[in-house]
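Undergrad: take this sequence and fold it.
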Amino acid sequence: MIDLHSPADLELLRESIDLECKLAAGREGQGALPEDFWPTYSALANTNGGVVLLGVREKKGQFFLEGIANPAKVRKELFDNLNNRQKVSTNLLSDADVREVALEGRTLLLVEIPRANRKQRPVHLTPNPFGHTYRRLNEGDRHVADEDVKRMLAEQVEDSRDDRILKGYHLDDLCSETLRAYRQVFANRDPAHPWNALDDHEFLRQIGGWRRDRETDTAGLTLAGLLMFGWMSTIQEALPNYMLDYQERPEARTELRWVDRVTLDGKWSGNLYDFYRKVYLKLTADLKVPFKLEKGERQDETPVHVALREALANVLVHADYSDRASVLVVKRPDMFGFRNPGLMRVPPEVAIRGGEHDCRNRTLHKMFRFVGVGEQAGSGIPKIYAGWKDQHWRPPALFERSEPYNQTLLELRMVDLWPEDVLQALRLQFGPVFEQLSHDERLTLAAAASERTISHGRIMEMTGLHSVEASRLLQALVRGGYLESHNPGRGAVYCLPGAGLPTPEDVFGGSADYLPVSSEHLPDSSGHLGGSSGHLPDSSEHLPVSSEHSQASSEHLALSSEHSMAERDEYGRRLSSHLDAPILDSLACLPHGYKAQMEALANAARSGRLSQSAMRSVILALCEGQYVTGPSLASLLQRSPDALRQQHLKPLVVSGQLRLAFPTTPTHQRQAYRTTESE
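TA: Numbers count the residues shown, from 1 in each chain. Predicted coordinates for the structure are as follows:
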């Protein structure tokens, strides 16, 4: 429940991407529901829910109270349309979700839109879901592709995605060695179980790998049976996007270099059970097991073992194997990362709380439980969080992304929640009053000290606070002098006082050549120009050859005077003590081999039109493990710098896939971008 008591409370909401403000004045000034309310309703319902404030004007990130003269008229219009199936597919709102709020003598309507459940999605406009379904992306409402709409419709009607019978598949499509290993573990757990005496066909039927449909009188191998025990080639015949990948990376950084890997390379069966067996051993190989007796027997598992087993099982049984992302498991010295294709069936906060079970592949889940892997309904994620809490490590991060493909990510970082060196530094900086702060306030300051900056979204992720409570916490810390705020609005970042966030002047010097671009001072409405250009062919982003040459020449001239002074690495990238990675700020400084490598990565974008997701994948590849300035990216991709920033770089930053080198001046001409650690 969101409570607004004053304009100050209204300001607390403006950092959240799940908030939309609309004027709702109507032609006669008495109030009317704006037509653009409906794409926002669909988008918020299909994403994570949110709030729409009617009677508020938003300009340049600021909110201005206008009020609604006749709120009863707008409320009636809202519910009339909500219950009209020609207008919208489902009504998610009750009277309690639409409230009148009086501020400074003016009346607003606050509409709280919940996240639609699986059975209600897609929430779409008009009776036709295709072309009329929206999703919230960054701060805007975006059409959902027809492929994703079909996936939503399938999720709506199929409680379990893996129990369908596969026509033309037989027992000889399974790896007999995998099935034998599974049955051995099953028998070891319960030697007297009657299923141990069954032949393979009947055993598969009992665990769900073979099924008869009594309505159609057809029988055959189920998708779960094929995934669990099949050969890679036969699985990919049924699921062309099927891909499993485990990578052990040697350093706590994002570079795609590994020292060990398990993937679908044809050297093993390629099914889920063998992947689980191989990967679990690798994940737990380095864990220390303290000596512990229970009922006279040594216990060889810790809460961390349990958490990793649950996380690995979770990523396999909840994956949507028809989607385009791969199953990815990463082990690094500082973290374990898990990614599965498909969005969550229940909201992340519900999954973390536990008790509400809606597994996408219920038969797979059952098969794993038969051999002691996977918890009972709805308790797996709480087990993971409990294992990490037992070690006093930072809480896991569970979140979703819809770009470039639908995916769910779980990050388990082995970082102390309260690192002693960080606590000591905070006690020295703030004195005894630091210990008097609340748990969430101290956690926020510790994160700001460890991560350099903290954001509204990061606070919600770490603490589980609602958007408004997270805003209140941040504002209280700012008012108390514990944090400094930079770039106020939805892109706000916070740091400890005197933390000295890097600026372009720190890295490049104080030359006037590096003043922010003039477009930064334009009103926010100019952002709509960038958005509208998105409807033009991508080729419109290409610079004319002469303009591109002019840009390169001016960049070369601006940089030439500093080339001799700047310290650079073997690849020609600028090094600075103010940044945690090298910065590619000039193509002219790159040796031929590395420049050719960067151009090869960008080649797909240079050679023609790309989809939005493909273009962003190229950008992320270029920014992997290094900062790249906006002008250098524009030159590599042969795109207009302004169009590139508005259409791709800004959304990637807001979604958390790119980080800024200079967070206090996000639109500076020399801003540089690097992939985040979660990538």
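Undergrad: how does the chain divide up, domain by domain?
TA: 7-156, 241-413, 420-495, 504-675 (automatic domain parsing).
Undergrad: using JSON lines, lay out those together with mean neighbour count.
TA: For glycine as for every other residue, the C-beta is placed from the backbone atoms N, C-alpha and C. Formatted as JSON lines, the domains of the chain follow (neighbours: other Cβ atoms under 10 Å):
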{"stretch": "domain 7-156", "mean neighbour count": "18"}
{"stretch": "domain 241-413", "mean neighbour count": "18"}
{"stretch": "domain 420-495", "mean neighbour count": "17"}
{"stretch": "domain 504-675", "mean neighbour count": "17"}
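Undergrad: to L198, which of those domains lies closest?
TA: Proximity to L198 (Cβ to Cβ) singles out domain 241-413 among the domains of the chain, at 13.2 Å.
Undergrad: quote the end-to-end distance of that closest one.
TA: One end of domain 241-413 to the other measures 29 Å (Cα to Cα, to the nearest Å).
Undergrad: and if you look at stretch 97-114?
TA: One end of stretch 97-114 to the other measures 9 Å (Cα to Cα).
Undergrad: can you list the residues that contact that stretch?
TA: Under the contact criterion Cβ atoms under 8 Å, 6 or more residues apart in numbering, stretch 97-114 has outside partners 1-2, 4, 6-7, 10, 24, 41, 44-45, 49-56, 65-68, 71, 74-75, 78-79, 92-93.
Undergrad: ok, C495 touching N487?
TA: No. The pair C495 / N487 is not scored as a contact, 11.0 Å apart, by Cβ atoms under 8 Å.
Undergrad: what's the spacing between stretch 106-123 and its chain's center?
TA: Stretch 106-123 sits 21 Å away from the centroid of its parent chain (Cα atoms, centre = their mean, to the nearest Å).
Undergrad: quick one: average pLDDT of that stretch?
TA: Averaging pLDDT along stretch 106-123 yields 94.
Undergrad: start to end distance for that stretch?
TA: End to end - Cα to Cα - stretch 106-123 spans 32 Å.
Undergrad: 392 is where my numbering starts, stick with that
TA: With 392 as the first residue, the last one maps to stretch 497-514.
Undergrad: what residue in this protein is the furthest from its centre?
TA: Seen from the C-alpha centroid of the chain, the residue lying at the greatest distance (Cα atoms, centre = their mean) is A588, 46.5 Å away.
Undergrad: any idea how far that one is from Q575?
TA: Per Cβ to Cβ, to the nearest Å, A588 is found 14 Å from Q575.
Undergrad: L1043 too?
TA: 47 Å.
Undergrad: what does R1065 give?
TA: Distance, R1065 to Q575, using Cβ to Cβ: 47 Å.
Undergrad: show me the contacts for L635.
TA: By Cβ under 8 Å, 6+ apart, the neighbours of L635 are V653, T654, L655, G661, L663, F666, S717, V718.
Undergrad: now these as a markdown table including distance to H696 and pLDDT?
TA: Output for those, formatted as a markdown table (distance: Cβ to Cβ, whole Å; pLDDT from 0 to 100):
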| residue | distance to H696 | pLDDT |
| --- | --- | --- |
| V653 | 19 | 97 |
| T654 | 24 | 96 |
| L655 | 26 | 96 |
| G661 | 26 | 97 |
| L663 | 20 | 98 |
| F666 | 18 | 98 |
| S717 | 25 | 93 |
| V718 | 21 | 97 |
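Undergrad: what's in contact with stretch 584-604?
TA: Here stretch 584-604 makes contact (Cβ under 8 Å, 6+ apart) with 554, 556, 562, 567, 570, 574, 577-578, 581, 609-613, 615-616, 619-620, 754, 757-758, 761.
Undergrad: among these, the buried ones, what's the PyMOL command?
TA: Applying 16 or more other Cβ atoms under 10 Å to the contacts of stretch 584-604 leaves a buried subset, and the PyMOL line that selects it is:
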select buried, resi 554+556+562+570+574+577+611+612+613+615+616+619+620+754+757+758+761
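Undergrad: beta-bridge partners for V720, please?
TA: Y637, F729 (DSSP bridges).
Undergrad: residue contacts, it?
TA: D636, Y637, Q638, V670, L674, L703, V706, F727, G728, F729, R730.
Undergrad: without its sequence neighbours, what residue ends up closest to the third one?
TA: Among residues not flanking Q638 along the chain, W649 sits closest, at 4.3 Å (Cβ to Cβ, 6 or more residues apart in numbering).
Undergrad: which residues touch that neighbour?
TA: Contacts of W649 (Cβ under 8 Å, 6+ apart): Q638, E639, R640, P641.
Undergrad: where does the stretch 842-991 of the chain have low pLDDT?
TA: By pLDDT under 70, the low-scoring segments of the stretch 842-991 of the chain are 879-882, 901-956.
Undergrad: related to what we said a few turns ago, can you give me phi and psi for the residue farthest from the centre of the chain?
TA: Dihedral angles of A588 (phi, psi; degrees, to the nearest 10) stand at phi -90, psi -10.
Undergrad: give me the subset of the contacts of W649 lying in strands.
TA: By the criterion of DSSP state E, membership of those in strands covers Q638, E639.
Undergrad: picking up where we left off before, can you put the contacts of L635 in a markdown table and add distance to T625?
TA: Converted to a markdown table, the contacts of L635 look like this (distance: Cβ to Cβ, whole Å):
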| residue | distance to T625 |
| --- | --- |
| V653 | 19 |
| T654 | 18 |
| L655 | 12 |
| G661 | 9 |
| L663 | 13 |
| F666 | 15 |
| S717 | 18 |
| V718 | 18 |
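Undergrad: closest to G891 out of those residues?
TA: S717 (39.9 Å).
Undergrad: with adjacent residues omitted, what lies nearest to the closest one?
TA: Nearest non-adjacent residue to S717 (Cβ to Cβ, 6+ apart): M634, at 3.7 Å.
Undergrad: the residue nearest the centre of the chain bridge partners, please.
TA: By Cα atoms, centre = their mean, the chain has its centre lying nearest to R792, at 3.6 Å. Beta-bridge pairing for R792 (DSSP bridges): Q798.
Undergrad: hmm, S1046 and it touching each other?
TA: Yes. R792 lies in contact with S1046 (Cβ under 8 Å); the separation is 6.8 Å.
Undergrad: circling back to that earlier point, which helix or strand contains the residue nearest to Q638?
TA: Using DSSP states H and E, W649 falls within no helix or strand.
Undergrad: roughly how far does it sit from L674?
TA: 14 Å.
Undergrad: got it, and V1045?
TA: Taking Cβ to Cβ, one finds V1045 at 32 Å from L674.
Undergrad: I'd say Y885 and E875 touch.
TA: Yes. If you go by Cβ under 8 Å, Y885 and E875 touch, sitting 6.7 Å apart.
Undergrad: quickly list what's touching both of those two.
TA: V869.
Undergrad: so what's L469 closest to, chain neighbours aside?
TA: Closest to L469 by Cβ to Cβ, 6+ apart is L424, at 5.5 Å.
Undergrad: name the SS class of R818, please.
TA: Under DSSP: H, G, I helix; E, B strand; the rest coil, R818 falls in the helix class.
Undergrad: G763 now?
TA: Relying on three-state DSSP, one would call G763 coil.
Undergrad: understood, closing this out.
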